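Asks: turn this into a structure:
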Amino acid sequence: MKILLVISSISFPIIMYYLQNKNKRFRIAFNMIAVISAIIFGNIASTSIYQILIDNAVFMTAIHGIFLNPFFLMTGAYLGVFIVYRLMILTLDER
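Replies: Numbering: from 1, shown residues only. The predicted structure is shown next:
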């Protein structure tokens, strides 16, 4: 499973780079998905932290419950891949 995660984090940004070169719509779609993911990711993180503070349950194990939220994990994974994709674009454009 760990190998699959590492291979995916390398291959998906490469695939995204080639797709965005083929069609401008892919670039727009990748950016829009990143914006939506950032909003969802931030809202889940902030509401979870707020609820922990309201409940006065400030323990390390309480905040780690956020990792059980599949939307948090999916949006965070996409943002991680998207950042690598954008770094690839920056690096290849500076050649």
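Asks: so where's the chain shaky on pLDDT?
Replies: Counting by pLDDT under 70, the chain contains low-confidence residues at 58, 60.
Asks: what segments of it are helices?
Replies: With DSSP state H as the criterion, the chain has helices at 2-22, 24-54, 60-63, 70-93.
Asks: tell me how many other residues crowd residue 37.
Replies: 20 (other Cβ atoms under 10 Å). For the C-beta atoms, the positions are set from N, CA and C on the backbone; glycine is no exception.
Asks: cool, and the one 5 residues further on?
Replies: Neighbour count for residue 42, taken as other Cβ under 10 Å: 11.
Asks: and residue 64, by the same measure?
Replies: 9.
Asks: do you know how far the closest residue to residue 55 other than its chain neighbours is from residue 19?
Replies: Distances taken as Cβ to Cβ, 6 or more residues apart in numbering put residue 62 closest to residue 55, at 7.9 Å, once the chain neighbours are dropped. Distance of residue 62 to residue 19, computed by Cβ to Cβ, to the nearest Å: 40 Å.
Asks: then residue 11?
Replies: 12 Å.
Asks: just want to know which of these two has more residues nearby.
Replies: The residue with more neighbours, out of residue 11 and residue 19, is residue 19; 15 against 11, by other Cβ under 10 Å.
Asks: my read is that that one contacts residue 28, right?
Replies: No - Residue 19 lies out of contact with residue 28 (Cβ atoms under 8 Å); the separation is 11.5 Å.
Asks: contact partners for the nearest residue to residue 66 once chain neighbours are set aside?
Replies: Of all residues not flanking residue 66 in the chain, residue 48 sits nearest, at 4.6 Å (Cβ to Cβ, 6+ apart). By Cβ atoms under 8 Å, 6 or more residues apart in numbering, residue 48 lies in contact with 63, 65, 66, 69.
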